[in-house]
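J.: Here's a sequence, model it:
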Amino acid sequence: MKRREFLGKFGKASLMMAGAGVFDTLWQGCAGRLPQEKWNVVFILADDMGWNQVRYHHITSFYETPNIDRIAAEGMYFTDAYAAAPVCSPTRASIMTGKYPARLHITDYIPGNKYPFAHLKTPQQARALPMEEVTLAEMFKAEGYVTGHFGKWHLNYDKKYKPGRPGDPGSQGFDVVLTTVKPKPDADPEKDAHHAIQITEHALKFIEDNKDRPFFAYVSHHVVHRPIMEQKDWVNRYKTKPRLDNPVHNPIMGAMIERMDWGIGKILDKLDELGLTQKTIVVFFSDNGNYKKLQDQAPLRGGKAMVYEGGIRVPMAVRWPGVIRPGSQCSVPVISNDFFPTFAELAGSRLRVQPLDGLSLVPLFHGGKKLARKALYWHYPHYHRMGFKPSGAIRVGDYKLIEWYEASLLGWPHQVDLYNIKEDIAETTNLAEEMPQKAKELREMLHAWRREVGAQEMEVNPQYDPARADLPDVGWGK
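T.: Next up, the predicted model:
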C-alpha cells in the first residue's frame, strides 16, 4: 500500500495514532540517537539571500543582520553550506524530502521555462512536489508535533493556494498555514510588500498558541527575491552608508534584509519570553545565492541560476542550546538534503524514507569534524532567462568540477572546469588541463550519480534555431 493510499484510507488523524509499528511496514525504520524530550524547531528560510550578506561571515559590514548573527553566535555557523540547486523550488523540495532535486525531477523553479529552439532540449520536470513524497511536516506530525507554514511555498504547480488543495502546504503535513507570494513590480513598498511583517506575526502567534506542545515552524520569507523594494526610510538609512559604489552593496537589499532580521529578532525574543529558548532549535538558511546582476557575490563567483559557488553556497546557522557550543564554526560541506534526516533524528523519529540523499548533521552539532560521504552533487539541465547555461557539478573534498552540458553533448571544447575550492574560493583558476586525471575521476562520479538517481538528461535539439535560441517558451498553463 502506498503512503498516500494509506493516508486516504485512514486519514491524517490515523497518521498520528498509528505509531511506528504501522509505518515500519511502509518505510524502513532507522533509529538514531533519540532525544530525551521533543525539541521545538523553528526553520527560517530566506529567498535568494547571498552567502556574503550576513555579517557573521566578516565579508562586509554593509548589511545589518544582528539577529541572524545572534543565532550564529549562540550556536554554530557553516562556512560551506550548500543549497541543492541554484534556484528556489528544487532546493525547497530537497529541504522537505531529504532528496536531491534530480531524484525528484524538480530541477528548476516551478513551472520553469522551456527554450524550444536552444541547442539542447530541456527535460519535462515534475509540475509539483509529488504527493507520494513524505515531507518534513508529515514526519514531525507522526512524532506528535503541531506544524506551521508561514510564507513562500512554491512547490505546487501554481501559486493560487487554497485550503485543502492537493500540493499546497495543508495537504503536505502542515496544520497551520499562511501562504504568500512575492509582490508585483508596482506594489507599494510602504505596505509590507514582501509580507515580512505578516509572516513574522503569524509565526509569533503560532509559537504562542503552541507553547505547551512540540512544534515545527517553517518561516519562509520572500526576502530578498525580486522585485526588490522596502519602505523608503529604511532604504534611505542604507543610502547614507559609505562605499555605495561597491557592487556587493545594495541599499534596497540592505533594507529588506534588515526588515527580515527584525522579524527574526521578534521570534527569538518570543522564545525567550515564553521560556522556550532552551527547548527550541533555530535554523537559518537560504534557498540559493543572490542575483549577481543585483548584488555581487564576491568573493564567490557567479550567482543565482549558476552552479558556481555564488549560486549554491549559502548562509547557514543553527542554535541548539545545551548541545552546540556557542560561537562554533563548521567547515564540513553540508547541503539542504541534510535537514530531513537531521530533524528526524532530533524529533526521535524511527521512521526514515528510503532512499534519502541527506545525512544527519547531529554529529557535527556535537563537534564532529566529518560526515560519511564522498561527494555533493548538482544537476541543472535548464537554460535561464538571465543567459545562464545548463550545467552540473560535483564537490569531492576540496575539489569541485563543473560540467557544461552544451559542450559535452555537442562535442565542443571546454566541457568541464575543475577548481580547488579551499585554495580558490572565487573559482578563478581552472585546473582541468593541469589535472586531467582528477577531472576525469570527478566527471565519471558525476555521471554515475546522475544514473543512480534517475536524473533527467538533456538531449541535442533537432529544432535548434540560432535566431530564436534565447527565446523562452510560455511554460505550462497556456
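J.: Strands of the stretch 351-478 of the chain, start to end?
T.: Counting by DSSP state E, counting those that start in this stretch, one finds strands in the stretch 351-478 of the chain at the ranges 351-352, 376-380, 391-396, 399-404, 416-420, 459-460.
J.: which one of those has the lowest average pLDDT?
T.: Mean pLDDT is lowest for strand 351-352 among the strands of the stretch 351-478 of the chain, at a mean of 68.
J.: Quick check: which of the strands of the stretch 351-478 of the chain is nearest to I228?
T.: Evaluated over these, closeness to I228 peaks at strand 376-380, with 23.7 Å, by Cβ to Cβ. In this view, the C-beta of every residue, glycine as well, is placed from N, C-alpha and C.
J.: if we can go back for a sec, between the strands of the stretch 351-478 of the chain, which gets nearest to M445?
T.: strand 391-396 (5.9 Å).
J.: How far away from the center of its chain is that closest one?
T.: 17 Å (Cα atoms, centre = their mean, to the nearest Å).
J.: Repeat that for stretch 59-79.
T.: 18 Å.
J.: picking that back up, would you turn the strands of the stretch 351-478 of the chain into TSV with mean neighbour count?
T.: Output for the strands of the stretch 351-478 of the chain, formatted as TSV (neighbours: other Cβ atoms under 10 Å):
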stretch	mean neighbour count
strand 351-352	22
strand 376-380	25
strand 391-396	24
strand 399-404	22
strand 416-420	21
strand 459-460	12
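J.: Format those strands as TSV; extra columns: distance to A128.
T.: Output for these, formatted as TSV (distance: least, Cβ to Cβ, whole Å):
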stretch	distance to A128
strand 351-352	23
strand 376-380	19
strand 391-396	23
strand 399-404	28
strand 416-420	33
strand 459-460	24
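J.: Of these, which is nearest S94?
T.: Using Cβ to Cβ, the strands of the stretch 351-478 of the chain put strand 376-380 closest to S94, at 10.7 Å.
J.: What is the closest one packed up against?
T.: Here strand 376-380 touches helix 101-104, strand 391-396, helix 436-453, going by 3 or more Cβ pairs under 8 Å, 6 or more residues apart in numbering; DSSP states H and E.
J.: Pick the most deeply packed of those.
T.: Burial of the helices and strands packed on strand 376-380 is given as mean neighbour count (mean count of other Cβ atoms under 10 Å); helix 101-104 ranks first at a mean of 26.
J.: Which secondary structure elements does that helix sit against?
T.: If you count contacts as 3+ Cβ pairs under 8 Å, 6+ apart, helix 101-104 packs onto helix 88-97, strand 376-380, helix 436-453.
J.: Output the ones you listed in TSV; the columns should cover distance to G311.
T.: Listed next are those as TSV, based on distance: least, Cβ to Cβ, whole Å:
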stretch	distance to G311
helix 88-97	11
strand 376-380	9
helix 436-453	17
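J.: Out of these, flag the one nearest E201.
T.: Short answer: helix 88-97, nearest of these by Cβ to Cβ, at 22.3 Å.
J.: now the stretch 1-150 of the chain, which segments are flagged as low pLDDT?
T.: Applying pLDDT under 70 to the stretch 1-150 of the chain picks out residues 1-36.
J.: now the strands for it?
T.: 28-29, 40-46, 76-78, 81-82, 120-121, 146-151.
J.: Can you say which of those is nearest to S408?
T.: Smallest distance to S408 across the strands of the stretch 1-150 of the chain (Cβ to Cβ): 9.8 Å, for strand 120-121.
J.: For that closest one, which strands pair with it and how are they oriented?
T.: strand 459-460 (antiparallel) (DSSP bridges).
J.: who touches the partner strand?
T.: H119, L120, K121, L409, L410 (Cβ atoms under 8 Å, 6 or more residues apart in numbering).
J.: so the nearest residue to the fourth one once chain neighbours are set aside bridges to which residues?
T.: Going back to what we said before, that points to L409. Using Cβ to Cβ, 6 or more residues apart in numbering and skipping residues adjacent in sequence, the residue nearest L409 is V460, 5.6 Å away. Counting by DSSP bridges, V460 is bridged to L120.
J.: Identify the residues contacting I106.
T.: Contacts of I106 by Cβ under 8 Å, 6+ apart are S89, P90, A93, Q125, A126, L129, L155.
J.: phi, psi of it?
T.: Backbone torsions for I106, taken as degrees, to the nearest 10, come to phi -120, psi 90.
J.: Could you break this protein into its assigned domains?
T.: 31-365, 376-460 (automatic domain parsing).
J.: out of those domains, nearest to P466?
T.: Nearest to P466, of all the domains of the chain, is domain 31-365, at 8.2 Å by Cβ to Cβ.
J.: For the closest one, what is the distance to the chain centroid?
T.: Averaging C-alpha positions (Cα atoms, centre = their mean) puts domain 31-365 6 Å from its chain's average.
J.: Show the secondary-structure elements that the helix or strand harbouring D269 is packed against.
T.: Assessed by DSSP states H and E, D269 sits inside helix 251-273. Helices and strands touching helix 251-273, by 3+ Cβ pairs under 8 Å, 6+ apart, are strand 40-46, helix 66-73, helix 196-209, helix 232-239, strand 280-286.
J.: Run through the neighbouring helices and strands of the first one.
T.: When you say that, I think you mean strand 40-46. helix 88-97, strand 215-220, helix 251-273, strand 280-286, helix 339-346.
J.: That strand: partners in the sheet, and parallel or antiparallel?
T.: The strands that strand 40-46 pairs with in its sheet are strand 215-220 (parallel), strand 280-286 (parallel) (by DSSP bridges).
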